[in-house]
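Enquirer: With the input below, show me the fold.
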Amino acid sequence: MTMKRAVIFYNGNLSDISRAKKYILDTDYIVCADGGTRHALKLGFLPDVIIGDFDSLSQSLQKKLAKHPIEWLRYKRDKDETDSELAVLHACQKGYKTILIFGLFGSRLDHLLTNILFLSNLVKKEVEVMIIEGKQEIRVTTDSLRLEGKVGDLVSLIPLKGDVRQVTTKGLQFKLTNQDLLFGYSFGLSDVLTHETAEINIKKGLLLVIHTRS
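Expert: Purely as a prediction, here's the structure:
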């Protein structure tokens, strides 16, 4: 049985529409953070729910979408969470344990950094999240991760919130065995898949893994 997933569209850039569409299933629960609704519509998907303060979704588009059975969750502009955070929290409250996110990258560096660091909170809730940006698949782990791809794909390992202890990898060109990755240093960048699968295991810390498909 296929596990039900939530697909969330942020109001950032969607750099590769054709590639993005390949990830999404008809059974996925579509969540749009305000202006991220436009991405879902471009891909041919009608949102199940639209969340936000609606400062980036035009009134004309809101009127068109009002004819469809979509749930609208409206928030005041003065709020503690971003629209993106509200969208993720909503999916978690609905019980989804697998979440795909599109539209992360945009013109706001503060939003980009906050959204990536926010993933650490989801790891604690045992929610599997993958951010997709063009050819890049971005994940966070506190223990182990298995990657599937092609030989030659790039894989970068980046410590978040501090050092990552005792990293061991298999299937990558630069094999690590109980190697510490230090926060703020580039040691784990631009590794390469030498097999169609790779395994990454860590003992302690929070590791950002970026898999760039060839």
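Enquirer: so where's this protein uncertain?
Expert: 1-3 (pLDDT under 70).
Enquirer: who does the longest helix seen in the chain touch, helix- and strand-wise?
Expert: Criterion DSSP state H: the longest helix present in the chain is helix 109-124. Applying 3 or more Cβ pairs under 8 Å, 6 or more residues apart in numbering; DSSP states H and E, one finds that helix 109-124 contacts helix 83-93, strand 128-133, strand 136-141, strand 154-170, strand 204-212. C-beta coordinates here come from the backbone N, C-alpha and C atoms, glycine included.
Enquirer: possible to save those as TSV with mean neighbour count?
Expert: Shown next, in TSV, are the helices and strands packed on helix 109-124 (neighbours: other Cβ atoms under 10 Å):
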stretch	mean neighbour count
helix 83-93	21
strand 128-133	20
strand 136-141	20
strand 154-170	18
strand 204-212	19
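Enquirer: Just send these back as TSV, with distance to Val31 too.
Expert: Compiled in TSV, the helices and strands packed on helix 109-124 are given as follows (distance: least, Cβ to Cβ, whole Å):
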stretch	distance to Val31
helix 83-93	5
strand 128-133	13
strand 136-141	18
strand 154-170	24
strand 204-212	23
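Enquirer: can you tell me which of those comes nearest to Lys21?
Expert: The minimum distance between Lys21 and these falls on strand 128-133, with 10.8 Å, by Cβ to Cβ.
Enquirer: tell me which strands and helices that closest one is in contact with?
Expert: By 3+ Cβ pairs under 8 Å, 6+ apart, strand 128-133 packs against strand 98-102, helix 109-124, strand 136-141.
Enquirer: relative to helix 109-124, how tilted is the shortest one?
Expert: In this case it means strand 98-102. If you take axes from the mean of the first three to the mean of the last three Cα atoms, to 10 degrees, strand 98-102 sits at 170 degrees to helix 109-124.
Enquirer: now strand 98-102 against helix 83-93, angle please.
Expert: Using the same axes, to 10 degrees: strand 98-102 against helix 83-93 is 160 degrees.
Enquirer: now swap in the longest one and tell me
Expert: For helix 109-124 against helix 83-93, the angle between stretch directions is 10 degrees (the same axes, to 10 degrees).
Enquirer: Out of all residues in this structure, which is the farthest from the middle?
Expert: Lys67 (29.8 Å; Cα atoms, centre = their mean).
Enquirer: Please report phi then psi for that one.
Expert: phi -80, psi -10 (degrees, to the nearest 10).
Enquirer: cool, and the one 3 residues further on?
Expert: According to degrees, to the nearest 10, the main-chain angles of Ile70 amount to phi -110, psi 140.
Enquirer: Touching, it and Leu46? I think so.
Expert: Yes - counting by Cβ atoms under 8 Å, Ile70 touches Leu46, with 7.0 Å between them.
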